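Asks: turn this into a structure:
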Amino acid sequence: MSTNRGSTVLTLRVPPELDRRIEQEARRRRRTKSAILRDVLEVAFAGSRAAEDPAAEARRQSRLVSGRASEREALRFLERTADVRGWK
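Replies: Numbers count the residues shown, from 1 in each chain. You can find the predicted model right below:
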């Protein structure tokens, strides 16, 4: 790794199939492979910040699935079978 003008050069070895997929995505978006991978890394590591606050992460995940049709049946089951006596 070397530093140049406020950024770091990172060399990454990937399998040929992954390289093809990155190349295709870069062409599709009309961006460089580096720009695509920077975006992917930003998103991947941004998610880890949420894990620092478990309650915030739980709310985020709940919001993601609460509107899904596939979750409605599971939620109905939990509502019918949960023992909520004494809960506040």
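Asks: now do the buried residues in stretch 11-25.
Replies: I22 (16 or more other C-beta atoms under 10 Å). Glycine gets a C-beta too; all of them are placed from N, C-alpha and C.
Asks: rounded mean pLDDT for it, please.
Replies: For stretch 11-25, mean pLDDT rounds to 94.
Asks: quick one: that stretch to chain centroid distance?
Replies: In this view, stretch 11-25 has its centroid 19 Å away from the chain centroid, taken as C-alpha atoms, centre = their mean, to the nearest Å.
Asks: packing partners for the helix or strand that contains E57?
Replies: According to DSSP states H and E, E57 maps onto helix 54-66. Applying 3 or more C-beta pairs under 8 Å, 6 or more residues apart in numbering; DSSP states H and E, one finds that helix 54-66 makes contact with helix 33-50.
Asks: could you give the angle of the helix it packs on to helix 54-66?
Replies: For helix 33-50 against helix 54-66, the angle by axes from the mean of the first three to the mean of the last three C-alpha atoms, to 10 degrees is 110 degrees.
Asks: tell me what helix 33-50 is packed against?
Replies: Using 3+ C-beta pairs under 8 Å, 6+ apart: helix 33-50 touches helix 16-29, helix 54-66.
Asks: circling back: tell me how far the following helix or strand past the helix holding E57 is from the chain's mean position?
Replies: Of the helices and strands lying after helix 54-66 in sequence (DSSP H and E), the nearest is helix 69-81. Per C-alpha atoms, centre = their mean, the displacement of helix 69-81 from the mean C-alpha position of its chain is 25 Å.
Asks: what are the contacting residues of helix 69-81?
Replies: 65-66 (C-beta atoms under 8 Å, 6 or more residues apart in numbering).
Asks: wait, R29 touches I36, no?
Replies: Yes: between R29 and I36 there is a contact at 6.7 Å, judged by C-beta atoms under 8 Å.
Asks: these two: which is more packed in?
Replies: I36 (19 against 11; other C-beta atoms under 10 Å).
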